[in-house]
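Novice: below are the sequence and a predicted model; questions follow.
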Amino acid sequence: MSDRPTVWFHTFGCKANQYDTERIRQTLERRGAATVDDPELANVAVINTCTVTNQADANARHLVRRLRRRHPRLKIVTAGCSTSFREEMYRAMPELDGLVAGHDPEAVVEELDRLGLETTSGALDGPLERNRRGTRGWLKVQDGCDRKCSFCATRLARGASVSRPVDEVVEEAKRLAVHHPELVITGIHIGHYGHDLRPPATLARLCARILDRVDVRLRLSSIEATEIDDDLLSLLAESGGQLAPHLHVPLQSGSDAVLRLMRRWHTRADYRARVLQIADRLGSFGLGADVIVGFPGEGSREFDETRALVEELPYTYLHVFPYSARDDTVAASLPDRVPGDVAADRSRELREIAVSKAAAYEAHRDGTWADIVVEGHDDRLVGVTGDYLRVELGGAPTAGARFAAVLRRRDGRLVARAPAVEKVG
Ligand code: SF4
C-alpha cells in the first residue's frame with residue numbers, strides 16, 4: 001500500500017531556485033501532497049540543490065547525510081543545479097532514495113510515485129499562485145545563460161537561456177500580486193530575457209506590460225549593467241516607483257586584465273560608463289554589485305583598479321566574495337592563484353568601503369519619502385523601500401502592507417511610521 005506524500009522542502013541557493021521549489025511544492029500539493037515544516041513529520045524530503053561553489057555542493061551532501069542519520073525512514077530526493085551538474089556523484093550516494101536532474105515539477109512527481117509515495121492524478125504544473133513564505137513574490141521570467149564566465153558553473157547546470165512567453169509571465173504576475181505587494185523579476189540571466197522568443201521580446205517591454213495590467217511593485221533581481229537598455233532605464237525613471245529604483249549590477253572586477261580572465265564580455269570602461277549614465281538619469285536609487293576578489297591573476301595593481309571603481313561609483317551596498325575555485329570550470333585551472341590571506345584582506349577593504357557608502361546613502365535619505373513594503377511576520381516585521389533599504393517600523397505595521405512614509409534616522413538606523421491597515425494578501 002502506498003503513502004500520500006508529506007513533504008519537507010529545503011532550498012539552497014538563489015531566488016530562481018526558491019521559485020523552482022515553490023513550483024514543485026504547488027504541483028505536489030495540487031496532487032494531494034502536504035507540506036510540513038519539520039522533517040520529523042515528513043515521509044519525504046525534497047532538497048533543491050545549488051552548485052554555485054564547491055561548498056554549495058558539499059552543503060547539499062551534508063544535509064542528505066544528516067537527514068539520513070536522524071530520520072532513517074525518511075525518503076530523500078534531491079533536485080536542482082548541483083544534482084544536474086554532479087548527477088553521477090548523487091547517484092552514488094547510498095543515503096539518497098531518488099533524484100531529479102533539474103527542476104521539473106512533473107519529474108519530481110514521477111520520482112515520488114516511483115518511491116511508492118503516490119500522488120493523485122489531475123492538476124499538473126501551472127502558473128505559481130503564491131510563494132508559501134515571504135511577503136515578496138519571486139516571478140521567474142527565464143532560465144539559463146548564454147554567457148561563458150570562466151568561474152561560473154550555473155550556466156553549465158542550467159544550459160542556454162530560455163525565456164517564458166510574455167503572456168504566461170503576465171498571467172502569473174496577476175495571480176502572485178493577489179498575495180504579494182512586490183514581485184521580484186528573477187532568472188539566471190534576466191538581461192537576455194526575450195532574445196529567444198519569436199517574435200523577440202525585451203525585459204523592458206515585459207515589465208511595462210506587467211505594470212500596465214497588474215497593480216504591484218516590481219523589482220529587478222541581478223542584471224548586467226551593460227544589458228540595461230534605454231527602454232528599461234526610462235521605465236525605471238518614469239514608472240513612479242512601480243519598477244523599484246534599485247539595480248543590482250554585478251561588477252566582479254574593476255580590472256580589464258581580470259575581466260578578460262573571467263571571460264566577461266565587457267570592459268571596465270563599458271561598465272563604468274553605463275552605471276554613470278544610469279545614475280545620472282535616476283538620481284537617488286539603490287545600487288548594489290557583486291565583486292569577486294582574489295581571482296587568479298589579480299595582483300595589487302588590478303585590485304587597486306577595482307577599489308578605485310568601487311570608490312567612484314554610487315553603490316549603496318556590495319556583496320564581496322573571495323574567489324573560491326569551482327571544480328570543472330575554466331577558472332579552476334588558471335595559474336597565479338592569490339593567497340587566501342591576501343584575498344581576505346582585500347575583501348575586508350572593500351566591505352569597509354561598502355559600509356561607509358551605505359551609511360552615507362542612508363544619511364542622505366533621512367527626512368525623505370519612501371515607498372515601503374512590510375516584510376516578515378509576527379514581531380519580526382521590517383520595511384523594505386523601493387531603493388532596497390531595510391527600515392525599522394513604528395506605528396501599526398501589517399505584513400504585506402505598502403505605504404509611503406518619511407524616513408528618519410535614529411541611532412544610526414532608518415525608521416518609518418506605518419499606518420494601521422486591514423490585513424493584506
Ligand atoms: S553571466 Fe556569467 S556569472 Fe552570470 S550566470 Fe551567466 S555565465 Fe554565470
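Specialist: Done, it's in.

Novice: so where's the stretch 251-400 of the chain shaky on pLDDT?
Specialist: For the stretch 251-400 of the chain, no stretch has pLDDT under 70.

Novice: what segments of it are strands?
Specialist: 286-293, 317-322, 369-377, 380-385, 390-395 (DSSP state E, counting those that start in this stretch).

Novice: can I get these in TSV with mean neighbour count and distance to the ligand?
Specialist: (Each C-beta comes from the backbone N, C-alpha and C, glycine too.) Converted to TSV, the strands of the stretch 251-400 of the chain look like this (neighbours: other CB atoms under 10 Å; distance: least, CB to the nearest ligand atom, whole Å):
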stretch	mean neighbour count	distance to the ligand
strand 286-293	22	9
strand 317-322	18	12
strand 369-377	19	26
strand 380-385	20	24
strand 390-395	16	26
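
Novice: pipe those strands into TSV and attach distance to Asp256 per row.
Specialist: Shown next, in TSV, are the strands of the stretch 251-400 of the chain (distance: least, CB to CB, whole Å):
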stretch	distance to Asp256
strand 286-293	15
strand 317-322	20
strand 369-377	37
strand 380-385	35
strand 390-395	35
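
Novice: surely Ile47 meets Asn59?
Specialist: No: counting by CB atoms under 8 Å, Ile47 stays clear of Asn59, with 10.0 Å between them.

Novice: which positions in the stretch 101-250 of the chain make contact with the ligand?
Specialist: By the rule CB under 6 Å from any ligand atom, the part of the stretch 101-250 of the chain lying against the ligand is Cys145, Arg147, Cys149, Cys152, Thr154, Arg155, Ile188, His189.

Novice: out of the residues you listed, which sit inside strands?
Specialist: Among those, no member falls in strands (DSSP state E).

Novice: just the closest residue of the stretch 151-300 of the chain to the ligand, please.
Specialist: Cys152 (3.1 Å; CB to the nearest ligand atom).

Novice: for that residue, give me the pLDDT.
Specialist: Looking at Cys152, its pLDDT stands at 93.

Novice: so who does Asp341 touch?
Specialist: Under the criterion of CB atoms under 8 Å, 6 or more residues apart in numbering, Asp341 has no neighbours.

Novice: distance check, it against the ligand.
Specialist: 26 Å (CB to the nearest ligand atom, to the nearest Å).

Novice: can I get the CA coordinates of stretch 23-34 in CSV?
Specialist: Provided in CSV are the C-alpha atoms of stretch 23-34 (Å, rounded to 0.1, in the frame of the first residue of the first chain):
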residue,chain,number,x,y,z
ARG,A,23,6.6,25.4,-8.4
ILE,A,24,7.4,21.9,-7.2
ARG,A,25,5.6,22.4,-3.9
GLN,A,26,2.5,23.7,-5.6
THR,A,27,2.4,20.9,-8.1
LEU,A,28,2.8,18.3,-5.4
GLU,A,29,0.1,19.9,-3.2
ARG,A,30,-2.3,20.0,-6.1
ARG,A,31,-1.8,16.3,-6.4
GLY,A,32,-2.7,15.6,-2.8
ALA,A,33,0.7,16.0,-1.0
ALA,A,34,1.0,18.0,2.2
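
Novice: please state the offset of that stretch from the chain centre?
Specialist: On the basis of CA atoms, centre = their mean, to the nearest Å, stretch 23-34 sits 23 Å off its chain's mean C-alpha point.

Novice: got the domain boundaries for this structure?
Specialist: 6-114, 136-365, 369-418 (automatic domain parsing).

Novice: buried residues, stretch 51-68. List them.
Specialist: Buried residues in stretch 51-68, defined by neighbour count with 16 or more other CB atoms under 10 Å: Thr51, Val52, Thr53, Ala56, Asp57, Asn59, Ala60, Arg61, Leu63, Val64, Leu67, Arg68.

Novice: which residue ranges of the stretch 251-400 of the chain form helices?
Specialist: Using DSSP state H, counting those that start in this stretch, the helices of the stretch 251-400 of the chain run over residues 256-261, 268-282, 300-312, 340-365.

Novice: and the second one, which residues are buried?
Specialist: Within helix 268-282, the residues that qualify as buried by neighbour count (16+ other CB under 10 Å) are Arg268, Tyr271, Arg272, Arg274, Val275, Ile278, Leu282.

Novice: which strands or helices does it pack on?
Specialist: Helices and strands touching helix 268-282, as assessed by 3 or more CB pairs under 8 Å, 6 or more residues apart in numbering; DSSP states H and E, comprise helix 230-238, helix 300-312.

Novice: how does it look with 6 Å?
Specialist: In terms of contacts (3 or more CB pairs under 6 Å, 6 or more residues apart in numbering; DSSP states H and E), helix 268-282 is packed against helix 230-238.

Novice: what residues does the helix it packs on touch?
Specialist: Applying CB atoms under 6 Å, 6 or more residues apart in numbering, the contact partners of helix 230-238 are Leu203, Ala204, Cys207, Ala208, Leu243, Arg281, Leu282.

Novice: show me what the helix or strand that that helix is followed by is packed against.
Specialist: Next along the chain after helix 230-238, taking DSSP states H and E as the criterion, comes strand 246-248. If you count contacts as 3+ CB pairs under 6 Å, 6+ apart, strand 246-248 packs onto strand 286-293.

Novice: alpha carbons only: can I get the strand it packs on in PDB?
Specialist: Extracted in PDB, the C-alpha atoms of strand 286-293 (Å, rounded to 0.1, in the frame of the first residue of the first chain):
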ATOM      1  CA  GLY A 286      19.600  51.700  -4.700                       C
ATOM      2  CA  LEU A 287      22.700  50.300  -6.400                       C
ATOM      3  CA  GLY A 288      24.400  47.000  -5.400                       C
ATOM      4  CA  ALA A 289      27.000  44.800  -7.000                       C
ATOM      5  CA  ASP A 290      28.800  41.500  -6.600                       C
ATOM      6  CA  VAL A 291      32.600  41.700  -6.500                       C
ATOM      7  CA  ILE A 292      35.000  38.800  -6.600                       C
ATOM      8  CA  VAL A 293      38.400  39.500  -5.000                       C
END
